[in-house]
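**Student:** I'll drop the sequence and a predicted model, then ask my questions.
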Amino acid sequence: MPEPRPSPARSVLGSLVLIGVVVAGSAAAFAYTAGWLSPERLTPWKMLEALAPPSGPALGHRRNHAKGICFTGVFESNGNGAAISRASVLAAGQHPALGRFNLGTPNPDAADASVRVRGLGLRIMPPNGQEWRMAMINAPVFAASTPEGFHELLVAAGSKDPNAIKVFAEAHPEFAPFGAWAKTAPWTGSYAEDRFNGLNSFIFTDSSGADHAVRWSLLPQAQVVPVTQDDLKKLDPDFLEQEITERVRSGPQRWTMTVTVANPGDPTADPTKAWPEDRRTIEIGTLVVSRIEAEADGPCREINFDPTVLPPGMRTSDDPFPAARSSVYAKSYDLRTAEAKDYPRTVTGPKP
Amino acid sequence: MNAIRHHFSPLQRLLHWVMAVCILTMLFIGVGMVSTVMPKYVPLVSIHKTLGSVILVLALIRLVTRFYYGAPPLPADLPEPMKLAAELSHYALYALMIGMPLLGWAMLSASAYPVELYGGIYLPAILPQSDSLRTLLWNAHFYLAFAFFALILMHVAAALFHALVRHDGVFEAMAPVPIHDEATRAENRSELAARP
Ligand code: HEM
Ligand code: HEM
Ligand code: HEM
């Protein structure tokens, strides 16, 4: 072994300083990457803070769309989707489906008639471990064109200033179509009569390798009976889950799934902008809801309907929302699974 | 221990440096991805899962090479507590190189996420879905990630101390390119055999 060569004192000091600089520099780079030195960075955590009601989040529950009811069924693919995506889930066939009807509120005890946005989380499971997860709402367009814009909207909605939303809407004209829908669109008395829209655009890749930008929707096959919010306010605060439980007990409920393909130049990155009506729309199959499941202790509870969980043949587009949603849903999921004791599994809801 | 200080075998050195780059990348990607809502979140998570799985495979290969080739002894004049610290920290680093990817994989399994790697490769679930398990694993993956980074900083400081202050051949033993004479595998093995 070479004899240790003791260094002269000055060079030892220099070496120690160098080592200190390397270690401190690495730690600082790490802290910077983690965002600890950038308080202005929009993090999943900040998004959740903005979503939470003034009294704080409902522990153990989803940080948004907290009220809901779980279901199981099948997705019957008719094979038409195979023309635009090589995903095996779109070849003709039947695949198990798990989903959740829900209300766009962070309050799991909200009265059903008080919530304008209704949603549907869905997980379709073709063989080989692949999955197609999505979360859709009844609005025809989204309320914000970027995740940053959505954060601003949440902050405005949570603000004590009664004018905050007005100020936001003036600064963000892209909010108008959503605002108009929320004010004027008729309500329905049943999840089974609601149309659910994916709103975000994704890329489908067909078997020749060509890409197609798409958005998808679920169209109710049930007869739609428009009602007013005032009609609904007279009903039980949980009428939606009671009604869907009854309805599914008397027979499976169906939605037709459609995929709309963008023309070149259509706005794919902005979910506040609907595509023109005449775009090619393909019916790809039917969602059959055959059983309502328990919510507090059912198969949806520990599922995160993360819209970036896609089978090969589908991927995210230049739409910034799916990535933002994925990061925020993951944080929400981290928190609510860790808080399981605050949301007992024995909470009684309508029995399936 | 009267012979010259030997080197780790070239394969071990290759693995050490390739993995050092990969693991540091993983730590930075990990803390970076969970702090952003930007579109890069999706590719970062995909790289995190894929590179993490590659690290698991490399770590297992490395463990085999470690048993096969052994390690050159530390300098005889290194104080006992430092030898002990070096040995224990190396055990801990091995445990983390293997444990972190397993924790990540198990956490995703217990969360009922498909464990999809880059290129449409799916890993099977290694645990059933469970919120208590996934919380436990999440905490382990989280806290051990920071412990891992802290340990690596200490490891680097020690390596540089050997290289710049002690000049005792420890750094050369793992140097990415041969610095002094090359110990052959045969030498290494006879060295090993000679160890008590
Ligand atoms: C950046 C924008 C958005 C944020 C921050 C956000 C936030 C959240 C959060 C925190 C959850 C709870 C996740 C969980 O714990 O599992 C959630 C659920 C949900 N979100 Fe969003 N969301 C956003 C955009 C959207 C969009 C564009 C849609 C519709 C197209 C949507 C529809 C839904 C639905 C349907 C659920 C309920 C899924 C379930 O039943 O688990 N969200 N959202
Ligand atoms: C980033 C992650 C790193 C990890 C996980 C790591 C891990 C390890 C492990 C487990 C050993 C023991 C080898 C064995 O006994 O089989 C080792 C040895 C060594 N490492 Fe690292 N290392 C990393 C980075 C570095 C860096 C950046 C340097 C240099 C600045 C370095 C310098 C050394 C040296 C000189 C040795 C030989 C120690 C001896 O002779 O016992 N390592 N490393
Ligand atoms: C050497 C291997 C690995 C290292 C050093 C590592 C490190 C990290 C770090 C530093 C974080 C961020 C923790 C935080 O600040 O919240 C993280 C998060 C994460 N890691 Fe890893 N990881 C490794 C392997 C893996 C593997 C193999 C997987 C999956 C197959 C994985 C899945 C995840 C996931 C899903 C998260 C996000 C957790 C969440 O907050 O939801 N990791 N990892």
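**Tutor:** Now that the structure is in, tell me what you want to look at. Ligands and ions are numbered 1, 2, ... in the order given.
**Student:** And the helices in the stretch 1-150 of chain A?
**Tutor:** Along the stretch 1-150 of chain A, the stretches classed as helices by DSSP state H, counting those that start in this stretch are A:9-33, A:44-51, A:147-157.
**Student:** would you list these in TSV and tack on mean neighbour count?
**Tutor:** No exception for glycine: its C-beta is placed from N, CA and C like everyone else's. Conversion of the helices of the stretch 1-150 of chain A to TSV gives the following (neighbours: other Cβ atoms under 10 Å in any protein chain shown):
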stretch	mean neighbour count
helix A:9-33	13
helix A:44-51	19
helix A:147-157	19
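**Student:** low-scoring stretches of chain B, by residue?
**Tutor:** Low-confidence segments of chain B, defined by pLDDT under 70: B:1-5, B:178-196.
**Student:** wait, I meant chain A
**Tutor:** A:1-8, A:347-352.
**Student:** need the longest strand for it.
**Tutor:** strand A:281-293 (DSSP state E).
**Student:** Pull up the pairing partners for it, direction included.
**Tutor:** Partners of strand A:281-293 in the sheet, by DSSP bridges, are strand A:67-77 (antiparallel), strand A:253-261 (antiparallel).
**Student:** Now tabulate the ones you listed in JSON lines and tack on mean neighbour count and distance to residue A:277.
**Tutor:** As requested, those are arranged in JSON lines below (neighbours: other Cβ atoms under 10 Å in any protein chain shown; distance: least, Cβ to Cβ, whole Å):
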{"stretch": "strand A:67-77", "mean neighbour count": "23", "distance to residue A:277": "25"}
{"stretch": "strand A:253-261", "mean neighbour count": "21", "distance to residue A:277": "10"}
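**Student:** Now do the contacts for the nearest residue to residue B:125 once chain neighbours are set aside.
**Tutor:** Nearest residue to residue B:125 in three dimensions, chain neighbours excluded: residue B:109, at 3.9 Å (Cβ to Cβ, 6 or more residues apart in numbering or on different chains). Residue B:109 makes contact with B:115, B:125, B:126, B:127, B:128, B:129 under the criterion Cβ atoms under 8 Å, 6 or more residues apart in numbering or on different chains.
**Student:** what's the first-to-last distance across stretch A:271-280?
**Tutor:** For stretch A:271-280, the first and last residues are 18 Å from each other (Cα to Cα, to the nearest Å).
**Student:** ok, and does it reach over to chain B?
**Tutor:** No - judged by Cβ under 8 Å from any Cβ of the partner chain, stretch A:271-280 makes no contact with chain B; its nearest approach is 13.9 Å.
**Student:** What residues sit buried inside the longest strand of chain A?
**Tutor:** A:281, A:282, A:284, A:285, A:286, A:287, A:288, A:289, A:292, A:293 (16 or more other Cβ atoms under 10 Å in any protein chain shown).
**Student:** ok, the residues you listed vs ligand 2, which is closest?
**Tutor:** Sorting the buried residues of strand A:281-293 by distance to ligand 2 puts residue A:293 at the head of the list, at 45.2 Å, by Cβ to the nearest ligand atom.
**Student:** Identify the bridge partners of that closest one.
**Tutor:** Judged by DSSP bridges, the bridge partners of residue A:293 are residue A:70.
**Student:** picking up where we left off before, most widely separated two among the buried residues of strand A:281-293?
**Tutor:** A:281 and A:293 (30.9 Å; Cβ to Cβ).
**Student:** and chain B, which of its residues are near ligand 2?
**Tutor:** Proximity of chain B to ligand 2, by Cβ under 6 Å from any ligand atom, involves residues B:16, B:20, B:23-24, B:66, B:71, B:74, B:86, B:90, B:93-94, B:97, B:152, B:155-156, B:159-160, B:170-171, B:173-174.
**Student:** Looking at the residues you listed, which are in helices?
**Tutor:** Among those, DSSP state H puts B:16, B:20, B:23-24, B:66, B:86, B:90, B:93-94, B:97, B:152, B:155-156, B:159-160, B:170-171, B:173-174 in helices.
**Student:** SS state for the closest residue to ligand 1 within chain B?
**Tutor:** With Cβ to the nearest ligand atom, the shortest gap between chain B and ligand 1 falls at residue B:37, namely 7.0 Å. Per DSSP: H, G, I helix; E, B strand; the rest coil, the local secondary structure of residue B:37 is coil.
**Student:** distance of it from ligand 2?
**Tutor:** 28 Å (Cβ to the nearest ligand atom, to the nearest Å).
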